[in-house]
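Novice: Need a 3D model of the following:
(chains A and B)
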Amino acid sequence: MSILKVNNLSVSFKQYTSGLRQTTHQVISNLNIELVSGEILAVVGASGSGKSLLAHAILGILPLNAETSGQITYDGEVLTSKRQEQLRGKEIALVPQSVSYLNPLMRVGSQVRSSVRKRNAKQAQEEVFQRYHLKKEVGNMYPFQLSGGMARRVLVSTAMVSGASVIIADEPTPGLDKVVIEEALNNFREFADQGCAVMLISHDIESALKIADKVAVFYEGTVLEVAPVEDFEGKGDRLRHPYTQALWRALPQNDFTWIEGSI
Amino acid sequence: MLLEAKNIGFKYGAGDWLFRHVDLQVEALEVVGITGPSGVGKTTFSRILADYELPNEGTVTMDGKPIMTSSYHPVQLVFQHPEKAVNPRWKLRRTLNEGWQPNDDFLDKLGIKQEWLNRWPNELSGGELQRFCVARALGPKTKFLIADEMTTMLDAVTQAQIWHAVLDIAKERNMGVLVISHDQHLINRVCTRVLEF
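Specialist: I've put the predicted structure just below:
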C-alpha cells in the first residue's frame, strides 16, 4: 500500500542577481515517486541532482526562497505546510545528511530523548545507543566531542526511537565503517519489515542494493527510472537508462570508468 | 621523496591516548590506503602528517629532515566535506587561486567549468565544490596528497572522474598519495598497499 505519493513535483529557487533583478532556478521538475509501506526505496544519482531537496520538500523544510508546485500526499491526504509541521518528527522522520543538523549546545543524549514519544525516553535512548555501540558516556557529550561516525549514529538513533511510519534517510552511512553500516542498514530493513516505508538516499549503491526493494535513479531534478534491484548486476545490461548504466559501471568494483558528458 | 611518520602518539587534552606507536612510510608514486573503524584517529593522524595538529610524541619527517612549516606545506589534505573547507564569503576563483594559479587544461581535467569560478560556494553542489578543493591542494609544490574520504559524498561517476584525474596528476608529478576510506572496493582499486589503523 502506498503511503506517500509525490505527484508532478517541481521546485524552483528565486534568486537575486543584481539589485532587484530576480531569476528563478528550477531544481526539481515534474517528479513522481511513491513510497510503499514495508518497502525500501533507494534513491541514487549525481550529486546536485536534487535528492536532498526532495527529502526537504516532503518534510516542508525548504528554504524560504523556494517555490513548489505539484502535490504530495500522505496516507491519501494532501500535505499542506501545516500538516507537514504536525507530521514531521512524528509520522515522517528525517535522518539528515549533514552532522551539523545536531544542536551544538545540547547534549546528544537529550537530543535523542526529545524525539521519543511512546515510551520511556531514557530507556529508549540507552537501548538505541547500546545497539549502535555508543558508550553510555556519549549521551552526556556535546556534538563537537564526537567523531564523524559517532555523530552519524546519533542521527540515526534519533529517527529510530521516534516511532515514525515513514523514514527518510539522507545519506545515513558515509564515513562509517563496514560493521556499523551493515547494522544501520539492517535496522532500516527491520523497520520496513515492521510495516514502515523507508526512503534511502545514498551514493553507496552497493550497500543500498543489499536492502532495497526498488531503486530510483535521479538526474538533474527528475527520476530517470525506477529499476528493480535485480537489474543491477554484471555489466548492467538490463538497466534501461544510459545514465544508470554509467553510474553502475563507474563503481570501483566494476569498471571504474566515466564517460564525458555524463556529469 | 619519502614521507616518514615515526612512533606517533596523540591525545586530546588530558584524555587517554587516541593512538600510540603509529609508523608509516610513503614514497613518491606510492598510493597507500588507510582503513579502520570510525573514531580510531585516522583523520587526526592525517592532520598530524599535514601539520594541522602536533603529535604528543613521535616525529614526521620528509627525506629524513623535519618539514619546514614557514612556507608551502608539501603535504596537502583534501577533506570529506568540501562545504566546510572553503570560505563561504569568497568566490571560488579566490579560493582556488589562494595557493597557486592552475591553468585551464588542469581545470578541464578535473571537470571544473570556467563559469563556476565566479560563483559563491553555496551555489555549487558538493561534487562541484570538491573538485575545487582537489585542484587547490594539487599545487606544484605538493609532494604528498592525503585524500580523507575525498569522494565519499559523491556519486560514483563523479568519484571515478576525480580519482582518474588525481592519479594521473600524481603520476605526472611524481607525488605520493594517501587514501583514507571505508570503501574497500575503492581501496582495492587505487592503492598499492594498505595500512590497517
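Novice: going forward, measure contacts between C-alpha atoms and count neighbours the same way
Specialist: OK.
Novice: which residues touch the helix of greatest length in chain A?
Specialist: The residue-count maximum for a helix in chain A (DSSP state H) belongs to helix A:178-193. Outside helix A:178-193, the residues that touch it by C-alpha atoms under 8 Å, 6 or more residues apart in numbering or on different chains are A:37-40, A:132, A:156, A:173, A:197-198, A:207-208, A:211-212, B:37, B:182.
Novice: how about it: buried residues?
Specialist: A:178, A:180-182, A:184-185, A:187-189, A:191-192 (16 or more other C-alpha atoms under 10 Å in any protein chain shown).
Novice: cool, and stretch B:144-156?
Specialist: Neighbour-count burial for stretch B:144-156 [16+ other C-alpha under 10 Å]: B:144-156.
Novice: Go through those and name the one nearest residue B:133.
Specialist: Closest approach to residue B:133 among the buried residues of stretch B:144-156 (C-alpha to C-alpha): residue B:150, at 9.5 Å.
Novice: mind checking the SS state of that closest one?
Specialist: Per DSSP: H, G, I helix; E, B strand; the rest coil, the local secondary structure of residue B:150 is coil.
Novice: Just the pLDDT at it, thanks.
Specialist: If you check residue B:150, the pLDDT there is 92.
Novice: cool, and residue A:246?
Specialist: Residue A:246 carries a pLDDT value of 90.
Novice: Need the contact partners of the helix ranked longest in chain B.
Specialist: Identified as the longest helix of chain B according to DSSP H is helix B:156-173. The contact list for helix B:156-173, computed with C-alpha under 8 Å, 6+ apart, reads A:46, A:203, A:246-248, A:250-252, A:256-258, A:262-263, B:29, B:109-110, B:127, B:131, B:151, B:176-177.
Novice: Pull out the buried positions in it.
Specialist: B:156-167, B:170, B:173.
Novice: Please apply the same query to stretch A:122-134.
Specialist: Buried, per 16+ other C-alpha under 10 Å, within stretch A:122-134: A:124-129, A:131-132, A:134.
Novice: quick one: which of those residues is nearest residue A:91?
Specialist: Nearest to residue A:91 among the buried residues of stretch A:122-134 is residue A:124, at 17.6 Å by C-alpha to C-alpha.
Novice: Could you grab the helix/strand/coil label for that closest one?
Specialist: Going by three-state DSSP: residue A:124 is helix.
Novice: What score does it have for pLDDT?
Specialist: With respect to pLDDT, residue A:124 has a value of 90.
Novice: repeat for residue B:51
Specialist: At residue B:51, the pLDDT value in this model is 92.
Novice: Distance of it relative to chain A?
Specialist: 20 Å (C-alpha to the nearest C-alpha, to the nearest Å).
Novice: how many neighbours does that residue have?
Specialist: Number of residues near residue B:51 (other C-alpha atoms under 10 Å in any protein chain shown) recorded here: 17.
Novice: re earlier: any idea which of the buried residues of stretch B:144-156 is closest to residue B:77?
Specialist: Of all the buried residues of stretch B:144-156, residue B:146 has the smallest distance to residue B:77: 4.8 Å, by C-alpha to C-alpha.
Novice: how about the host helix or strand of that closest one, does it reach chain A?
Specialist: According to DSSP states H and E, residue B:146 maps onto strand B:144-148. No. Applying C-alpha under 8 Å from any C-alpha of the partner chain, one finds strand B:144-148 separated from chain A by no less than 9.8 Å.
Novice: Give me the residues contacting that strand.
Specialist: B:3, B:28, B:43, B:46, B:74-80, B:137-138, B:175-181.
Novice: Tell me which of those fall in strands.
Specialist: Of the contacts of strand B:144-148, the ones assigned to strands by DSSP state E are B:3, B:75-78, B:176-180.
Novice: which of those residues tops the neighbour count?
Specialist: residue B:177 (27 neighbours).
Novice: Pull up the residues of chain A that are close to chain B.
Specialist: A:44-48, A:147-150, A:174-178, A:203-204, A:246-248, A:250-253, A:256-258, A:262-263.
Novice: separation between residue B:86 and residue A:40?
Specialist: 35 Å (C-alpha to C-alpha, to the nearest Å).
Novice: between the two, who's got more neighbours?
Specialist: Higher neighbour count among residue B:86 and residue A:40: residue A:40, with 27 against 19, using other C-alpha under 10 Å.
Novice: In the stretch 101-250 of chain A, where is pLDDT below threshold?
Specialist: Counting by pLDDT under 70, the stretch 101-250 of chain A contains low-confidence ranges at A:175.
Novice: secondary structure element for residue B:131?
Specialist: Residue B:131 belongs to helix B:126-137 when assigned by DSSP H and E.
Novice: Would you mind pulling up the elements that that helix packs against?
Specialist: Packing partners of helix B:126-137 (3 or more C-alpha pairs under 8 Å, 6 or more residues apart in numbering or on different chains; DSSP states H and E): strand B:75-78, helix B:92-97.
Novice: next one: that helix to chain centre, how far?
Specialist: Per C-alpha atoms, centre = their mean, to the nearest Å, the displacement of helix B:126-137 from the mean C-alpha position of its chain is 11 Å.
Novice: Show me what from chain B comes close to chain A.
Specialist: Checking chain B against chain A by C-alpha under 8 Å from any C-alpha, the hits are B:36-39, B:124-127, B:149, B:152-161, B:181-182, B:185-186, B:189.
Novice: if you set the cut-off to 7 Å instead, what comes out?
Specialist: B:37-39, B:125-127, B:152-157, B:160-161, B:182, B:185-186, B:189 (C-alpha under 7 Å from any C-alpha of the partner chain).
Novice: which ones are touching the residue at the greatest distance from the centre of chain B?
Specialist: Most distant from the centre of chain B: residue B:14, at 28.2 Å, with distances by C-alpha atoms, centre = their mean. Contact analysis of residue B:14 by C-alpha atoms under 7 Å, 6 or more residues apart in numbering or on different chains lists nothing.
Novice: per-residue confidence for it?
Specialist: With respect to pLDDT, residue B:14 scores 86.
Novice: Also residue A:99?
Specialist: 74.
Novice: do you know how far it is from residue B:101?
Specialist: Relative to residue B:101, and taking C-alpha to C-alpha, residue A:99 is found at 33 Å.
Novice: Neighbour count: these two, which is higher?
Specialist: Between residue A:99 and residue B:101, residue A:99 has the larger neighbour count (other C-alpha under 10 Å), namely 18 against 15.
Novice: Wait, the more buried one touches residue A:153, no?
Specialist: No. Applying C-alpha atoms under 7 Å, one finds residue A:99 not in contact with residue A:153, separated by 9.7 Å.
Novice: rewinding a little: mind exporting the C-alpha coordinates of the helix holding residue B:131 to CSV?
Specialist: Presented in CSV, the C-alpha positions along helix B:126-137 are these (Å, rounded to 0.1, in the frame of the first residue of the first chain):
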residue,chain,number,x,y,z
GLY,B,126,29.2,19.0,-3.1
GLY,B,127,30.7,17.2,-6.1
GLU,B,128,31.4,20.5,-7.9
LEU,B,129,33.0,22.1,-4.8
GLN,B,130,35.1,19.1,-4.0
ARG,B,131,36.8,19.5,-7.5
PHE,B,132,37.9,22.9,-6.3
CYS,B,133,39.3,21.5,-3.1
VAL,B,134,41.2,18.9,-5.0
ALA,B,135,42.6,21.5,-7.5
ARG,B,136,43.6,23.8,-4.7
ALA,B,137,45.5,21.1,-3.0
